[in-house]
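Peer 1: With the input below, show me the fold.
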Amino acid sequence: RLFAAASHDLRQPLAALSLLLGALEGRLDGAAGGGRNAAGRGSALNDPAARDLMNAMGNAIQSLRGMVDGHFDLVRLEAGLVQPDIGTPVVNGLLTRVALDAAPRFDGRGLRFSVLPCSVRVATDPSLLERILQGFVANTLRHTERGRVVLGCRRQGPDLRIELWSTGRGLLPEQLSTLREEFRRPDGSGDPSVIDLGLRLACGLARRLGHRLEVGSAPGRGLMLAVLVPRA
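Peer 2: Sure, this is the predicted structure:
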């Protein structure tokens, strides 16, 4: 209850930080293009190391905002305040929005990111399904140091599997078994430390929507996260 009450106050300084960082980027770009008069003022700010620091600040703010939003969504979910609004969206719109949000973050980590378009309609709440995919993305960013990430779909009987594949450390067999058990829990009980916030929120939203989550992994090769959604 305390976190829910404080969520607005917590989000305000984060929004202010994002705006201030955007203003700083604008000044750096202006100094870089201002010619001789701006050379002295912008020389230090145009240093590549300074630019890298600013990008790291942006990533840290984005990560913190994601955690705050995720915690607040989880509070609302557990309080029964999240009511699905089921429609028949085209999956490609969801994939595009997720890709636009995730691509800069993957690029900042040096990861190759690809999205395979899909024109299938599904029966779901598009905003909640998007949050599930964002939880997949957050987990992938945390556990993938190099290589490639692919977001795509495949038909499976009456369902559509939306899958996020990534190279990376992967999971040991016992870790994979534990994660699958968490995905199968019908009531959200279990040890909160077993999975991170993004996947815990994805589990809760999938239960609320009646969707199923799946995971596959090979140690040292990578991880696959999937949500199965009924086709419309």
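
Peer 1: Report the central residue of this structure.
Peer 2: Q134 (3.0 Å; CA atoms, centre = their mean).

Peer 1: Show me which positions of the helix or strand that contains it end up buried.
Peer 2: In the assignment (DSSP states H and E), Q134 maps to helix 126-143. Buried residues in helix 126-143, counted by 16 or more other CB atoms under 10 Å: 126, 128-141. Every C-beta, even on glycine, is put in place using the N, C-alpha and C of the backbone.

Peer 1: Stretch 83-97 too?
Peer 2: P89, V91, N92, L94, L95.

Peer 1: possible to save the residues you listed as a markdown table with distance to Q12 and secondary structure?
Peer 2: Output for those, formatted as a markdown table (distance: CB to CB, whole Å; DSSP: H, G, I helix; E, B strand; the rest coil):
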| residue | distance to Q12 | secondary structure |
| --- | --- | --- |
| P89 | 31 | coil |
| V91 | 34 | helix |
| N92 | 34 | helix |
| L94 | 29 | helix |
| L95 | 31 | helix |
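
Peer 1: and which of these is nearest to M67?
Peer 2: L94 (22.1 Å; CB to CB).

Peer 1: circling back: can you pull the contacts of the residue nearest to the centre of the chain?
Peer 2: G66, V98, D101, A102, G198 (CB atoms under 8 Å, 6 or more residues apart in numbering).

Peer 1: coming back round to it: let's have the buried residues of stretch 83-97 in CSV, adding pLDDT.
Peer 2: Listed next are those as CSV, based on pLDDT from 0 to 100:
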residue, pLDDT
P89, 95
V91, 96
N92, 95
L94, 93
L95, 95
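
Peer 1: ok, of these, which one's closest to R212?
Peer 2: Of those, the one sitting nearest to R212 (CB to CB) turns out to be V91, at 16.2 Å.

Peer 1: Hmm, C153 and that closest one touching each other?
Peer 2: Yes: V91 lies in contact with C153 (CB atoms under 8 Å); the separation is 6.0 Å.

Peer 1: which residues are common contacts for these two?
Peer 2: Common neighbours of V91 and C153 (CB under 8 Å, 6+ apart) are C118, V120, L160, I162.

Peer 1: Turn the residues you listed into TSV, columns for pLDDT and neighbour count.
Peer 2: As requested, the shared contacts of V91 and C153 are exported to TSV (pLDDT from 0 to 100; neighbours: other CB atoms under 10 Å):
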residue	pLDDT	neighbour count
C118	95	19
V120	96	16
L160	97	23
I162	97	27
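
Peer 1: By mean pLDDT, flag the weakest helix or strand of this protein.
Peer 2: helix 39-42 (a mean of 53; mean pLDDT, DSSP states H and E).
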